[in-house]
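Q: how would this look folded up:
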Amino acid sequence: MKGSTATLILCGMISLNAQAGHHTPMIEFVGEAQIPTGTQFENTEIGGLSGIDYDAAQDLYVAISDDRAQINHARFYELSIDLTDGYLNDGDISFIQVTEILDSGDFPFAPASLDPEAIRNNLAFESLSFNHDRIQVITATENALL
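A: This is a model prediction of the structure:
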């Protein structure tokens, strides 16, 4: 992560043929924003943002840092993205909060002990993912707890 600039690229999904009852998803590039190396937020270095998801209920995004807990503890960020002009540009991203990810004993993960790649904010937990060396597949399904 050191010596590089984190770049957030956002593509928007739009739907065509809605009047005919058909939805053809299209991807539209709306821009990119660069976060300079060393940018700090609440005593953490922003970087290694590899997964992002939108929480429509709060109108916020969540993004996970995959620096393998080598720069700061494992964490994810809540952020807002200003797309009122229809484009993503430098300065359109505001970091709102950082949340540390703890192990089952409520302790920080040891450096290099995990490599988070994605985050999903939903009421039910459903996953299928590979570990970083692609040897193990991890899967889980659970009903919403709320």
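Q: low pLDDT regions in the chain?
A: The chain contains residues with pLDDT under 70 at 1-26, 121-146.
Q: now do 50
A: Residue ranges of the chain with pLDDT under 50: 1-4, 12-18, 144-146.
Q: Confirm Ile52 sits in a helix?
A: No - Ile52 is assigned strand when assessed by DSSP: H, G, I helix; E, B strand; the rest coil, not a helix.
Q: Flag every buried residue along the helix or strand Phe95 falls within.
A: Using DSSP states H and E, Phe95 sits in strand 93-100. By 16 or more other Cβ atoms under 10 Å, the buried positions in strand 93-100 come out as Ile93, Phe95, Val98. C-beta: built from backbone N, CA, C; applies to glycine.
Q: Any idea how far apart the tips of stretch 80-91 sit?
A: Distance across stretch 80-91, first residue to last, is 11 Å (Cα to Cα, to the nearest Å).
Q: how near is Asp67 to Asn89?
A: Applying Cβ to Cβ, to the nearest Å, the value for Asp67 to Asn89 is 25 Å.
Q: same thing with Asp53?
A: Counting by Cβ to Cβ - Asp53 and Asn89 are separated by 21 Å.
Q: ok so, going back, which strands and helices lie in contact with the strand holding Phe95?
A: strand 75-81 (3 or more Cβ pairs under 8 Å, 6 or more residues apart in numbering; DSSP states H and E).
Q: angle of the strand it packs on against strand 93-100?
A: 160 degrees (axes from the mean of the first three to the mean of the last three Cα atoms, to 10 degrees).
Q: one step back: parallel or antiparallel, list what pairs with the strand holding Phe95.
A: strand 75-81 (antiparallel) (DSSP bridges).
Q: if we can go back for a sec, of Asp67 and Asn89, which one has the most company?
A: Asp67 (24 against 14; other Cβ atoms under 10 Å).
Q: Strands of the chain, residue ranges please.
A: Secondary structure of the chain (DSSP state E): strands at 6-16, 24-35, 40-41, 44-45, 49-55, 60-65, 75-81, 93-100, 125-130, 137-142.
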